[in-house]
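>>> Build me a model from this:
(chains A and B)
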Amino acid sequence: MTQKTWTNLFAEIWATENYGVSASTGKEVMVEYSSPNTNKPLHLGHLRNNFLGWSVSEILKANGHTVHKVQIINDRGIHICKSMVAWTKFGEGETPDSSGKKGDKLVGDYYVKFDQEYKKQIAELVEGGMEKAEAEKQAPIMKEAQEMLLKWEKKDPDTYALWEKMNGWVYKGFDATYNQMGVDFDKLYYESQTFLLGKEEVEKGLESGIFFKKDDGSVWVDLTEEGLDEKLLLRADGTSVYMTQDIGTAILRYRDYPKISQQIYTVGNEQEYHFKVLFMILDKLGYDWAKGCYHLSYGMVDLPSGKMKSREGTVVDADELMDEMIDTAREHTEELGKIDGFSKEQAAELYETLGLGALKYFLLKVDPKKRMLFDPNESIQFQGNTGPFIQYTHARIAAILRKAEQLNFTPQEEDFNKLETLQPVELSLIHLLKDYPAKVKEAGDNYSPDIVAQYVYDLAKEYNRFYQEISIFNEEDETALRFRIALSGKVAEVIKKAMGLIGANVPDRM
RNA sequence: GGUUCCGUAGCUCAACUGGAUAGAGCAACUGCCUUCUAAGCAGUAGGUUCGGGGUUCGAGUCCCUGCGGGAUCACCA
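Modelled structure (predicted):
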């Protein structure tokens, strides 16, 4: 390519509004990216899940699709009954207000309390000579939880009221966490509102011979021809299982949004088998949209000690982690002493931008399919291939643009044609800018925010080289000077957009 | 055991889907702040891409096999 071709290319990029954002394709998709249980707070695993799904949603929007972000809340079942039982027995009326605890944390504490009590009772029964397996069934507190679930299914008023109260606490807690995370949903689905539809569908499938009933009354689907196994859909007592609910939820969603051509489930890879089966069943039921269902499967987040285990207390709490990140950002910033003239509010905002930017970039720069290691002590840096490095690059450019405005250097498109020579680093920046739309497309096609993350790092890194090599305002040729301001401006714009796709803000000063 | 995913520098990750000399960051070492923000830049060192076969003009990438690790195969969700 000749010099002229490059300058023309840049002129074109420079003049493009919404660079890297495609025109509407008319395609409409749904992305589910959070599916919490209401018995415990969100943790690091949820962070990867939610950031990933949120980012994929934004990337798909940039690719011209209409996206509906949804959540499925596992608000019913034995897990929440355990918290309810423990609270009733030991809670002494404790509420988030009375204790000052966040609602999801409080309910989580009672879930732990239940487990402790349960273990104690098992130990006592075993002591008395009972087999362990039998003790697990006979422990009084477990029986209480099961009774409570039955009461709930019968809509016993007291049980229902307690269930609503405790779930309400949890939702308030979740809202605070989601708000801090900077993620949002267009619609919420609750399993308590979808499992009945799932049951109906299973009944229908039974009538039409797609499913079959065993002697004990339980309903199954036979997937042996597809190389899988038989799978339970309704228990002998008629109650639903996980699969039943998911069938109902999927169908309800297509009723709510008839135009969607694809439904994306952002769920960990431990559930690959489940979704394979779910999509097969939906297909068997005759829903042709089942072919458009996709399980966006991501790898687990491991700690140096191995897998996170809530029972062993090795879970990294989402709220605590975000607080720590913001705190670390504050420490770094204060050490560097670069925020003269910042108000308290501005400083706080910056710490949040940096802390969350570091966290999101860290979790999203890795291929979602792969499991990743998170070392709380040293994983998240602020130098090198990190969010703050990219944010810093943006702040540097912002400073240049401020100065350019002060000095009245306003780039004009005709400047670019008059350029004598381009430096290698300038060529390579134009080259990188040119790649941006293709990267957004690739990231969308592969549901991989890491492609955007990797790209924006490369761009920032190259810009820093440019920044070091070329002193913009010492340039005597004003045409070249204005071109470099335009180039810097466009780089800043793309950095901001790309970081926006992974949910990270960029500051003008830091 | 069946199915499936993975194994790349001491550590954490890339490698345009089969192309040229496998690249970044962290950690280590050496330089660079009277010049637009040093959260930066330049450089040194670090590799039998887990082992062994095969396909191909060409393999980190595809096939077979061995070893090591994860996930899953629930009347849990």
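
>>> so where do the strands sit in chain A?
Listed in chain order, the strands of chain A (DSSP state E) span A:28-34, A:66-73, A:187-190, A:212-213, A:219-222, A:230-234, A:262-268, A:293-298, A:301-302, A:372-373.

>>> Can you tell me which of the ones you listed is nearest to A:Leu150?
Of all the strands of chain A, it is strand A:230-234 that lies closest to A:Leu150, at 15.9 Å by CB to CB. For every residue, glycine as well, the C-beta is placed using N, CA and C.

>>> hmm, back to that, now the strands of chain A as CSV including distance to A:Gln116?
Listed next are those as CSV, based on distance: least, CB to CB, whole Å:
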stretch, distance to A:Gln116
strand A:28-34, 28
strand A:66-73, 26
strand A:187-190, 29
strand A:212-213, 40
strand A:219-222, 36
strand A:230-234, 31
strand A:262-268, 27
strand A:293-298, 32
strand A:301-302, 26
strand A:372-373, 30
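
>>> Any stretches of chain A with poor pLDDT?
Residue ranges of chain A with pLDDT under 70: A:1, A:310-313, A:377-379.

>>> Which residue does it have closest to RNA strand B?
For chain A and RNA strand B, the shortest gap (CB to the nearest atom of the strand) falls at A:Gly384, measuring 2.1 Å.

>>> For that residue, grab the count of nearby residues.
Around A:Gly384 there are 9 other residues, counting by other CB atoms under 10 Å.

>>> What backbone torsions are found at it?
For A:Gly384, the backbone dihedrals are phi 80, psi -140 (criterion: degrees, to the nearest 10).

>>> residues in contact with it?
Contacts for A:Gly384 were tallied using CB atoms under 8 Å, 6 or more residues apart in numbering; there are none.

>>> what's the answer for A:Met30, then?
The contact partners of A:Met30, by CB under 8 Å, 6+ apart, come to A:67-70, A:253, A:257, A:260, A:262-264.

>>> Quickly list what it is bridged to.
Under the criterion DSSP bridges, A:Met30 forms beta bridges with A:His68, A:Gln263.

>>> Tell me how far it lies from A:Thr66.
10 Å (CB to CB, to the nearest Å).

>>> cool, A:Leu433 as well?
With distances taken as CB to CB, A:Leu433 is found 27 Å from A:Thr66.

>>> go on, A:Glu272?
Computed with CB to CB, the distance linking A:Glu272 and A:Thr66 is 27 Å.

>>> ditto for A:Lys204
From A:Lys204 to A:Thr66 the distance is 30 Å (CB to CB).

>>> of these two, who's got more company?
A:Thr66 (16 against 13).

>>> which residues does the nearest residue to A:Ala11 once chain neighbours are set aside contact?
Leaving out its chain neighbours, the residue that sits closest to A:Ala11 by CB to CB, 6 or more residues apart in numbering is A:Phe416, at 4.7 Å. When contacts are counted by CB under 8 Å, 6+ apart, A:Phe416 is found next to A:7-8, A:10-11, A:14, A:483, A:486.

>>> at 7 Å instead, please
Counting by CB atoms under 7 Å, 6 or more residues apart in numbering, A:Phe416 makes contact with A:7, A:10-11, A:483.

>>> Could you see whether RNA strand B lies near stretch A:349-363?
Yes - residues of stretch A:349-363 contacting RNA strand B under CB under 7 Å from any atom of the strand: A:Leu354.

>>> rewinding a little: out of the contacts of A:Phe416, flag the one nearest to A:Gly53.
For the contacts of A:Phe416, the residue nearest A:Gly53 by CB to CB is A:Phe10; the value is 34.9 Å.

>>> The closest one: how many residues sit nearby?
Neighbours around A:Phe10, by other CB under 10 Å: 25.

>>> What residues does it make contact with?
Per CB under 7 Å, 6+ apart, neighbours of A:Phe10: A:416, A:430.

>>> quick one on the thing from earlier: out of the contacts of A:Phe416, list just those in helices.
A:7, A:10-11, A:483 (DSSP state H).

>>> to the chain's geometric centre, what's the distance from stretch A:208-220?
37 Å (CA atoms, centre = their mean, to the nearest Å).

>>> Same question for stretch A:204-224.
Centre to centre, stretch against its chain (CA atoms, centre = their mean), the figure for stretch A:204-224 is 36 Å.

>>> got the buried residues for stretch A:224-243?
For stretch A:224-243, a neighbour-count test (16 or more other CB atoms under 10 Å) marks A:231, A:233-234, A:240-243 as buried.

>>> That one near RNA strand B anywhere?
Yes - residues of stretch A:224-243 contacting RNA strand B under CB under 7 Å from any atom of the strand: A:229, A:232, A:235-237, A:241-242.

>>> Likewise for stretch A:192-204?
No - using CB under 7 Å from any atom of the strand, we find that stretch A:192-204 stays clear of RNA strand B, coming within 9.1 Å at best.

>>> For that stretch, give me every contacting residue.
A:75-76, A:211, A:219, A:233-234, A:240, A:244-245, A:247-249, A:251-252, A:285.

>>> and that stretch, how far out from the chain's middle?
On the basis of CA atoms, centre = their mean, stretch A:192-204 sits 28 Å off its chain's mean C-alpha point.
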